[in-house]
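S.K.: Fold the following, please.
(chains A and B)
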Amino acid sequence: MLFGYHWDTAHGEWAFALSILPMLLRGLLVTLEASVVGFFVAMVLGLILAVLKGARSRIVSWPATFITEFIRDTPLLVQLFFLYYVLPDYGIILPAFLTGALALGIQYSAYTSEVYRAGIEAVEPGQHEAAKALDIPPRRTFTHIVLPQAVPRVIPALGNYLVSIMKDVPVLSVVTVLEMLNVAKIIGDQTFDYLVPLSMVGGLYLILTLVASAIVRFVDVSLPKRGLPLR
Amino acid sequence: MHWVEFLKPLSLGAWVTIQLTVYSTILGAVMAFTSGIGKLSPNWLIKGISVIYIEVFRGTSLLVQLFWLYFALPIAGDWIGVDLRLPPVMAGVLALGLNIGAYGAEVVRGAIQAVSRSQYEAARALNFTPRQALWRIALPQAIPEMMPSFSNLAVQNLKDTALASLISLSDLAFKAEQLRNFYQNSETIYTIILFMYFGMALVLTVIMRALEHSVSRWRRVRK
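M.R.: Residues are numbered from 1 along each chain as shown, chains lettered A, B, ... in the order given. Next up is the predicted model:
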């Protein structure tokens, strides 16, 4: 029994598959929640890293570059364990779900920061020159002229990382988050049948990523392009 | 316990990680080329198989694939009466290689398609067979274009090997987990292995850059 649902092992594979579907869908919901929270963290943290990396002072930009490289070159699993076991030593006790989403966000912030940076660099030099001519201070130029033009352009590229994050959520099962794969694993442990639940998770994932990619592509083509000199 | 004493058991794990990375990257490269070229094949059967392979392995999670090969495949083997129990190393290399190969396949396909059409036309005019045009004209131009993406994928693959610790393969992440259980010294141990993974990734990047240098040798001749 899981989430108040019972599995049916007595009436063949199809009945079994049908009986565990609600449990897997509960897990799917957790997968989606973790993806969204993780994506949000990656969007915010990535922007911060991108801004720091672009800073004129090397005391700021070099550490930011190093941190990005370090995050990008180390495994999500190890970062997750690090956060899960080390944060409590410093008195930061988060639920497993939040720790997991935070780890996802941190890992992907390294990737999203590169996307932001590309977007920021793609803003026409004329915009900077015009801002200078109008005597707008550099900080205000960045927040009010560069960013509003850079961010909408990179949204589709960021969306692709949302799909990648979804595929990394199963890693969170190691810190007891009950996402879809963990649910399937528990069902397998209890019924000794791994084939049906794990295959169903594979199928559900395929549907999930196909739908998510289609949505990202739809957003890409339907974003208003007027006024934005895209690419 | 002083942190230096952790290095010896951890380096044993790192060696397993390195082997896992090398084998699965090689398998991945083979799969990337066969299915990337297969996706461009005029033969619908080869094309179909390649597309299905790429979509399935890119569309599902690596950990799901790993667990499927390790836990579910033996049961599927039971059904058809074949022993498909894989040792963890096999399951790990297979899952990692097949997964990264599917991503690599898109890189291969993209790079081959980016070779200009006139190159194929010229090959045809010179009476090259389609196979010769692929091997002698398209691939030598396409491979250097693939290398930067391959370099990223190789690092990705190195990071992904950590997941193999979850099917009881005693790689670096697994050793760290063992030591942590024993000494309860998580901060030191995880800091060390984060830097070990980082170091291995840097070395891998250098190796891939050397490889890129060597496959694009012919370009310098022309200049």
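S.K.: what's around residue A:221, how many residues?
M.R.: 8 (other Cβ atoms under 10 Å in any protein chain shown). Every residue, glycine included, has its C-beta placed from N, CA and C.
S.K.: does the helix ranked longest in chain B come close to chain A?
M.R.: Using DSSP state H, we find that the single longest helix of chain B is helix B:4-38. No: using Cβ under 8 Å from any Cβ of the partner chain, helix B:4-38 never reaches chain A; the gap is at least 9.6 Å.
S.K.: The next helix or strand along the chain from that helix close to chain A?
M.R.: Going down the chain from helix B:4-38, the next helix or strand is helix B:44-59, by DSSP states H and E. Yes: judged by Cβ under 8 Å from any Cβ, helix B:44-59 comes into contact with chain A through B:55-56, B:58-59.
S.K.: ok, residue 191 - contacts?
M.R.: As the question left the chain open, I've gone with chain A. Residues in contact with residue A:191 (Cβ atoms under 8 Å, 6 or more residues apart in numbering or on different chains) are A:7, A:9, A:16.
S.K.: try again with chain B
M.R.: With Cβ under 8 Å, 6+ apart, residue B:191 has these contacts: residue A:82.
S.K.: helix or strand for it, which one?
M.R.: helix B:186-215.
S.K.: report the angle between the axes of that helix and helix B:4-38?
M.R.: 40 degrees (axes from the mean of the first three to the mean of the last three Cα atoms, to 10 degrees).
S.K.: buried stuff in helix B:186-215?
M.R.: Within helix B:186-215, the residues that qualify as buried are B:186, B:188-190, B:192-194, B:196-198, B:200-201, B:204-205, B:208, B:212, B:215, counting by 16 or more other Cβ atoms under 10 Å in any protein chain shown.
S.K.: if we can go back for a sec, quick check: mean pLDDT of the longest helix of chain B?
M.R.: Helix B:4-38 shows a mean pLDDT of 92.
S.K.: quick one: it to chain centroid distance?
M.R.: In this view, helix B:4-38 has its centroid 8 Å away from the chain centroid, taken as Cα atoms, centre = their mean, to the nearest Å.
S.K.: Does anything pack onto that helix? Which helices or strands?
M.R.: helix B:44-59, helix B:88-114, helix B:139-160, helix B:172-183, helix B:186-215 (3 or more Cβ pairs under 8 Å, 6 or more residues apart in numbering or on different chains; DSSP states H and E).
S.K.: what angle sits between that helix and helix B:88-114?
M.R.: 50 degrees.
S.K.: Can you give me the buried ones in helix B:4-38?
M.R.: Buried, per 16+ other Cβ under 10 Å, within helix B:4-38: B:6, B:9-10, B:13-14, B:16-18, B:20-21, B:23-25, B:27-29, B:31-38.
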